[in-house]
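**Student:** coordinates only, no sequence provided:
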Ligand code: SF4
């Protein structure tokens, strides 16, 4: 592999980390086949640390897998006010040809360094040029190299139907970054994108194409949090609509951090706890059956910062507690603070063979009882040493102060 390709891989791999849609974690530094592959590949390619450009992503059937995260180019003609790659900003711009990037990915795949590629790009050239570059890279991988690994492709704003169709046929997952929940909020982040025509419509198109082809192609998006004056209610409302209307798989939230020499470099960074609470709330919508409108908000329409949203909901709904663990249905159990889907499954299974009568039964099921006991009954009785709700509230308030 020519050194200039590896040099560009270092730059464009680094720059790709700004996109959260393919970031779950990093491969373990050693101890599995992947890490061994990384060490071998580093020797073979004699270049910098490949690990920096490999992220773990959750494969729909295989669990976490290592994926090369790369930009086709970091050049961009758009003006997003928060973005380090925006037009006119001075820094080193580079690009891969589709041939170069497909070959690099294939070599890392054969060396068992990665099991897939996440490919994003800046927007350059004539309309649809960047999307065509991404599709060409994927096409070469799938046809010339017979690559059967995981492919996550970014859909460029305002991509043509033909390009979206091809990307959908080649990818396991696609993403379109909305960045803001409404047109008015997006206008505070960029003057060059239309939220419906350029961003939501492509997501809809992917959903329709995948459904018609009978293919499962997951769809994800990302929001910048805290740069457009948006509230959590707006973000969660937009996310819920996308789940409902375009079958979005999940949303990612990125707390705004000012980048020097951008129009928003004077804004303060967003509190990372806000991003954390949004992820918790989003999880409640996707896995626990909560509606966006049920999540407790403060006077500014933001999630309560000091208490996790599920506990905040429980505190505001004393009429729904205590819940009898031996009788409640699954949805009711999922509302109990401290019970996740796995714990609920274990409770439901255990009830088939007998009654849950004391905290020891819960602990035997691997359930941390401290959070659960204040909200439940075990065979009609409150658990011994049950905390009062007020104590829970006070404890949570102190923890969040
Ligand atoms: S389209 Fe906007 S967010 Fe994407 S790379 Fe260009 S300037 Fe950045």
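**Tutor:** Noted; the coordinates are in hand. Because the structure is predicted, anything quoted here is derived from the model rather than measured. Residues are numbered from 1 along each chain as shown.
**Student:** for the helix or strand hosting residue 314, buried residues please.
**Tutor:** Secondary-structure element containing residue 314, defined by DSSP states H and E: helix 309-316. Applying a neighbour-count criterion of 16 or more other CB atoms under 10 Å, one finds 309-315 buried in helix 309-316. Any C-beta I mention is one placed from the backbone N, CA and C, and that applies to glycine too.
**Student:** same question for stretch 100-113.
**Tutor:** So, applying 16+ other CB under 10 Å, buried residues of stretch 100-113: 100-109, 111, 113.
**Student:** quick one: which of the residues you listed is nearest to residue 15?
**Tutor:** Minimum distance to residue 15 across the buried residues of stretch 100-113 is 13.7 Å, recorded for residue 101 (CB to CB).
**Student:** which residues touch the residue nearest to the closest one when sequence neighbours are not counted?
**Tutor:** Spatial nearest neighbour of residue 101, excluding adjacent residues (CB to CB, 6 or more residues apart in numbering): residue 137 at 4.8 Å. For residue 137, the contact set (CB atoms under 8 Å, 6 or more residues apart in numbering) comprises 72, 96, 98, 101-102, 105, 119.
**Student:** backbone dihedrals for the residue nearest to the spatial centre of the chain, please?
**Tutor:** With distances taken as CA atoms, centre = their mean, the residue of the chain nearest its centroid is residue 252 (3.6 Å). Main-chain dihedrals, residue 252, degrees, to the nearest 10: phi -110, psi 150.
**Student:** does it touch residue 235 like I think?
**Tutor:** No. Applying CB atoms under 8 Å as the test, residue 252 and residue 235 come out as separate, 11.2 Å apart.
**Student:** the contacts of residue 137 in strands, which ones?
**Tutor:** Using DSSP state E, the subset of the contacts of residue 137 located in strands is residue 119.
**Student:** got the buried residues for the host helix or strand of residue 167?
**Tutor:** Following DSSP H and E, the helix or strand that holds residue 167 is helix 161-170. Across helix 161-170, burial judged by 16+ other CB under 10 Å covers 163-170.
**Student:** tell me which element whichever residue of the stretch 101-250 of the chain sits closest to the ligand falls in.
**Tutor:** The nearest approach of the stretch 101-250 of the chain to the ligand comes at residue 122, 4.2 Å away (CB to the nearest ligand atom). Assigned by DSSP H and E, residue 122 belongs to no helix or strand.
**Student:** could you give the number of residues near the spatially closest residue to it that is not a sequence neighbour?
**Tutor:** Among residues not flanking residue 122 along the chain, residue 76 sits closest, at 3.1 Å (CB to CB, 6+ apart). The number of residues packed near residue 76 is 22, by other CB atoms under 10 Å.
**Student:** which pLDDT value goes with residue 76?
**Tutor:** Per-residue pLDDT puts residue 76 at 94.
**Student:** residues contacting it?
**Tutor:** 83, 85-87, 122-124.
**Student:** related to what we said a few turns ago, just to check, the residue of the stretch 101-250 of the chain closest to the ligand is in contact with residue 80?
**Tutor:** No. Contact criterion CB under 8 Å: residue 122 and residue 80 do not qualify, at 10.1 Å.
**Student:** the two: which is more packed in?
**Tutor:** residue 80 (25 against 22).
**Student:** do you know how far the more buried one is from the ligand?
**Tutor:** 3 Å (CB to the nearest ligand atom, to the nearest Å).
**Student:** in which helix or strand would I find that residue?
**Tutor:** Per DSSP H and E: residue 80 is located in neither a helix nor a strand.
**Student:** just to revisit the earlier point, go through the buried residues of stretch 100-113 and flag which are in helices.
**Tutor:** 100-109 (DSSP state H).
**Student:** pairing partners for residue 117 in the sheet, please.
**Tutor:** With DSSP bridges as the criterion, residue 117 is bridged to residue 68, residue 151.
**Student:** who's in contact with it?
**Tutor:** Neighbour list for residue 117: 67-68, 70, 105, 141, 149-152 [criterion: CB under 8 Å, 6+ apart].
**Student:** still on that earlier bit, which of the contacts of residue 76 are buried?
**Tutor:** Members of the contacts of residue 76 classed as buried by 16+ other CB under 10 Å are 83, 85-86, 122-124.
**Student:** residue 71 - nearest residue in space that isn't next to it in sequence?
**Tutor:** Per CB to CB, 6+ apart, closest to residue 71 is residue 12, 4.2 Å.
**Student:** ok now stretch 302-310, how far from the chain's centre?
**Tutor:** In terms of CA atoms, centre = their mean, to the nearest Å, the centre of stretch 302-310 is found 19 Å from the chain centre.
**Student:** what's the span of that stretch, first residue to last?
**Tutor:** End-to-end distance of stretch 302-310 (CA to CA, to the nearest Å): 14 Å.
**Student:** average pLDDT across it?
**Tutor:** Mean pLDDT, stretch 302-310: 94.
**Student:** go on, stretch 229-245?
**Tutor:** Mean predicted confidence for stretch 229-245 is 97.
**Student:** so what touches it?
**Tutor:** 178, 180-182, 185, 188, 200, 203-204, 221, 223, 225, 248, 251, 253, 274, 277-278, 281-282, 285-286, 291-293, 295, 297, 300-303.
**Student:** tell me which residues in it are buried?
**Tutor:** 230-240, 242-243.
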